[in-house]
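Asks: Mind folding the following:
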Amino acid sequence: MNDTITHTPVTSDTDLAELGQQLRVDSVRAAAAAGSGHPTSSMSAADLMAVLLARHLHYDFAEPDRPANDHLILSKGHASPLLYSAYKAAGAITDEELLTFRKRGSRMEGHPTPRLPWVDVATGSLGQGLPIGVGIALAGARLGKLPYRTWVLCGDSEMAEGSVWEAMEAAGMEGLDNLTLIVDVNRLGQRGPTRHGWDLDAYARRIRAFGWHTVEIDGHDIAAIDHAMTEARGTRGAPTAIIARTRKGRGVAAVENQEGKHGKPVADADEAVRELGGRRDLRVEVQPPPDAAPPERGGGDPHTALPRYPTGGSPVATRTAFGETLAALGSLHDDIVVLDGEVGDSTKAQLFADGHPERYFECYIAEQQLIGSAVGFGVCGWTPFAATFAAFLTRAHDFLRMAAVSRSRINVVGTHAGVAIGEDGPSQMALEDLAMMRSLHGSTVLYPCDANQTVQLMTAMADRPGISYLRATRGDTPVIYGPNDAFPVGGSKVLRSHPDDQVTLIGAGVTVHEALAAADQLVADGIRARVLDLYSIKPVDTQALRAAAEATGRFVIAEDHHPEGGLADAVMESFGNGFPAPRHTRLAVFTMPGSASPDEQLDAAGIHASSIAAAARKLVAT
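Replies: Predicted coordinates:
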């Protein structure tokens with residue numbers, strides 16, 4: 001192996017070519033040390049990264065939170081050796097840390113995560129970098145008025161993802177000229193050639209159709225790369241896509257442009273390093289960003305009043321309370337932004353737009369972009385609320401999953417949940433959302449049953465870490481709580497209780513009202529029933545559940561959701577470890593609904609008051 005070569009500083013095109021080789025060498029070395037990884041995918045984009053790092057990125061690695069720092073998202077997250085090698089070249093990490101790649105406890109994970117302070121979001125699930133980049137670019141252009149540029153490096157394989165094209169349209173429509181996409185067209189995916197191979201014009205035609213400026217280049221020509229990035233920075237009124245033809249495994253004959261070499265170390269790393277010209281130790285002085293203050297946020301108007309709904313007054317839909325509370329929170333907190341999936345008139349998110357149009361973003365019917373943008377706004381320090389019909393959040397589950405990996409702080413609201421929506425039928429009914437949201441690491445899942453409870457839970461969401469989800473009902477429900485009642489996250493409310501209780505009826509949202517009606521029916525039979533409103537589904541009120549089990553020994557759990565992963569599972573997971581589970585009956589949506597009125601839907605699903613009462617009678621009798 002050749003001795004270490006040092007070139008300082010990196011200024012000329014020759015130096016940049018050497019830097020590209022260094023990034024390749026270090027990618028090979030990192031994967032070899034780990035015994036796994038994706039060096040060939042890293043090697044194809046090494047020249048692109050070298051030019052970006054040395055000439056176009058404006059970033060202070062010592063202060064990653066500087067408001068004007070550029071944002072670099074490695075959407076092709078499997079090429080993490082390239083990113084980590086760039087961090088080494090910038091002096092952010094040492095060679096020793098680079099070689100801990102993929103080791104237990106190392107920050108150099110197989111795919112990048114924000115455990116590293118210079119990584120905005122976790123990547124690795126392909127097709128997510130650009131949608132999140134759109135959110136980051138939007139935040140800078142529309143809210144912060146900050147001079148940063150968002151750079152997204154993606155692979156050609158992920159251009160098959162629909163989420164990429166949702167982002168393309170959003171960025172083109174918004175004219176985000178502070179956004180640059182770099183497409184590493186190395187022709188080879190995991191199992192063979194990509195759909196379009198090296199047909200750069202095939203990509204360019206599609207991208208231009210969405211209102212983008214495009215530049216097609218040889219991705220190993222340093223001067224061409226530099227010119228393309230300069231052109232991107234100078235383009236006004238449209239985002240730019242740099243479409244770069246590259247060769248996977250560039251510089252090592254045994255793997256260059258060879259099928260079957262994806263996702264594995266180079267067989268002979270020492271020989272590969274020699275072929276690439278040996279180790280180097282170039283250091284890049286990355287250009288700092290300009291001085292820029294973060295957007296002024298005065299904290300909002302402290303005199304704004306939250307909605308208050310009279311107990312026993314006219315019924316109010318929790319979706320209406322959501323919208324009215326959101327509008328008030330927007331006045332109280334000027335860091336809140338709202339993203340809509342073109343249903344704001346139904347979810348009532350539109351009420352926020354009426355008062356705060358500059359912080360309201362229409363994502364149209366593109367749920368992956370909806371959540372991607374929310375994550376991007378969160379990266380930039382805003383507090384996002386993303387709202388749509390709960391059923392359609394399933395399309396964005398992977399974005400939510402990766403948001404959890406990214407340690408994102410976002411609030412998600414799903415309305416029109418369950419069979420209670422009525423005549424629209426099963427395509428519109430969220431019957432899986434509680435399971436989906438509960439499964440996310442560190443998530444909070446809330447399901448209010450009335451308007452005042454919604455106000456309190458929305459207020460709590462605005463200050464919570466991680467991903468918070470609120471499920472809202474379409475139809476009007478009685479207001480059973482007062483505006484001063486407290487609903488701590490992780491709590492519950494006992495609505496009926498008596499020393500002679502024989503069974504506990506547990507509901508959340510719409511089934512709370514059915515449980516109350518069922519308890520009234522049971523009184524006529526001489527059966528006392530405790531009613532528990534489990535509005536916090538995650539974290540769940542284990543203490544209250546165990547107390548109810550000790551007091552009554554029997555549970556009837558009714559949920560407007562499929563039986564898998566919802567309310568009943570949350571309840572039963574509270575038992576064990578010395579606390580025996582009570583005898584219980586699960587009432588849930590076991591069959592496929594059709595079209596019917598809301599009341600008929602609840603009855604057909606077996607979660608109506610009469611069904612709850614019947615289940616309680618049976619439990620008490622046995």
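
Asks: what about the residue in the chain sticking out farthest from the centre, which SS state?
Replies: Most distant residue from the mean C-alpha position of the chain: residue 526, 49.8 Å away (C-alpha atoms, centre = their mean). Under the three-state scheme (DSSP: H, G, I helix; E, B strand; the rest coil), residue 526 adopts coil.

Asks: per-residue confidence at it?
Replies: Here, the pLDDT recorded for residue 526 equals 95.

Asks: any low-confidence regions in the stretch 401-550 of the chain?
Replies: Scanning the stretch 401-550 of the chain for pLDDT under 70 picks out no residues.

Asks: how about the helices in it?
Replies: 433-438, 451-461, 510-523, 542-552 (DSSP state H, counting those that start in this stretch).

Asks: Next: the stretch 201-350 of the chain.
Replies: Here the stretch 201-350 of the chain has its helices, by DSSP H, counting those that start in this stretch, at 222-234, 269-275, 318-332, 344-347, 350-355.

Asks: can you map out the strands along the stretch 251-400 of the chain?
Replies: In the stretch 251-400 of the chain, the strands defined using DSSP state E, counting those that start in this stretch lie at 316-317, 336-340, 360-362, 383-389.

Asks: just the stretch 401-550 of the chain next, same as before
Replies: Per DSSP E, counting those that start in this stretch, the stretch 401-550 of the chain carries strands over the ranges 410-415, 444-446, 467-471, 476-477, 493-496, 503-507, 529-533, 536-538.

Asks: Give me whichever of these is most buried.
Replies: strand 503-507 (a mean of 30; mean count of other C-beta atoms under 10 Å). C-betas here are computed from N, CA, C, even on glycine.

Asks: Low-confidence bits of the stretch 51-200 of the chain, can you list those?
Replies: Going by pLDDT under 70, which is the cut-off in play, the stretch 51-200 of the chain has no low-confidence ranges.

Asks: could you pull out the helices for it?
Replies: Using DSSP H, counting those that start in this stretch, the helices of the stretch 51-200 of the chain run over residues 80-89, 95-98, 129-138, 162-174, 200-209.

Asks: Could you name the helices and strands sitting against the longest one?
Replies: To tie it back to what came earlier, the one meant is helix 162-174. Contact analysis of helix 162-174 by 3 or more C-beta pairs under 8 Å, 6 or more residues apart in numbering; DSSP states H and E lists helix 129-138, helix 200-209, helix 367-379 as its packing neighbours.

Asks: how about those helices, which one is nearest residue 352?
Replies: helix 367-379 (14.0 Å; C-beta to C-beta).

Asks: what number of residues lie near the residue lying closest to residue 83 once chain neighbours are set aside?
Replies: Spatial nearest neighbour of residue 83, chain neighbours left out: residue 74 (4.9 Å); criterion: C-beta to C-beta, 6 or more residues apart in numbering. By other C-beta atoms under 10 Å, 28 other residues sit near residue 74.

Asks: residues touching residue 74, list them.
Replies: Residue 74 is in contact with 80, 82, 83, 112, 123, 129, 153, counting by C-beta atoms under 8 Å, 6 or more residues apart in numbering.

Asks: cool, residue 386 as well?
Replies: Neighbouring residues of residue 386 by C-beta under 8 Å, 6+ apart: 338, 339, 341, 363, 370, 371, 373, 374, 410, 411, 412, 413.

Asks: so which of those residues comes closest to residue 282?
Replies: Nearest to residue 282 out of the contacts of residue 386 is residue 373 (C-beta to C-beta; 36.6 Å).

Asks: Quick check: the farthest pair among the contacts of residue 74?
Replies: Going by C-beta to C-beta, the pair spanning those furthest: 82 and 129, at 13.8 Å.

Asks: contacting residues around stretch 400-410?
Replies: Looking at stretch 400-410 with C-beta under 8 Å, 6+ apart, the contacting residues turn out to be 113-114, 120-125, 128, 371, 374-375, 378-379, 383-384, 386, 393, 412, 436-437, 440-443, 464-468.

Asks: one more time with 6 Å, if that's ok
Replies: Stretch 400-410 has contacts (C-beta atoms under 6 Å, 6 or more residues apart in numbering) with 114, 121-122, 125, 128, 371, 374-375, 378, 384, 440-441, 465, 467.

Asks: What subset of the residues you listed is buried?
Replies: 114, 121, 122, 125, 128, 371, 374, 375, 378, 384, 440, 467 (16 or more other C-beta atoms under 10 Å).

Asks: May I see these organised as a markdown table, with distance to residue 199 added?
Replies: Formatted as a markdown table, these follow (distance: C-beta to C-beta, whole Å):
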| residue | distance to residue 199 |
| --- | --- |
| 114 | 35 |
| 121 | 30 |
| 122 | 31 |
| 125 | 26 |
| 128 | 24 |
| 371 | 31 |
| 374 | 34 |
| 375 | 32 |
| 378 | 36 |
| 384 | 37 |
| 440 | 39 |
| 467 | 39 |
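
Asks: Identify, from these, the entry nearest to residue 518.
Replies: Nearest to residue 518, judged by C-beta to C-beta, of the buried ones among the contacts of stretch 400-410 is residue 440 at 31.8 Å.

Asks: ok, the closest one - contacts?
Replies: Contact partners of residue 440, counting by C-beta under 6 Å, 6+ apart, are 400, 404, 467.

Asks: Let's have those in JSON lines, adding distance to residue 45.
Replies: As requested, the contacts of residue 440 are arranged in JSON lines below (distance: C-beta to C-beta, whole Å):
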{"residue": "400", "distance to residue 45": "28"}
{"residue": "404", "distance to residue 45": "27"}
{"residue": "467", "distance to residue 45": "31"}
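
Asks: Can you tell me which of those is nearest residue 355?
Replies: residue 467 (25.5 Å).

Asks: Looking at the backbone only, give me phi and psi for the residue lying closest to the closest one once chain neighbours are set aside.
Replies: Distance criterion C-beta to C-beta, 6+ apart; nearest residue to residue 467, sequence neighbours excluded, is residue 443 at 4.6 Å. Backbone torsions of residue 443, given as degrees, to the nearest 10, read phi -80, psi 160.

Asks: pLDDT score assigned to residue 7?
Replies: What the model reports for residue 7 is a pLDDT of 43.

Asks: Tell me if I'm right that residue 31 and residue 37 touch.
Replies: Yes: Residue 31 is in contact with residue 37 according to C-beta atoms under 6 Å; the separation is 3.5 Å.
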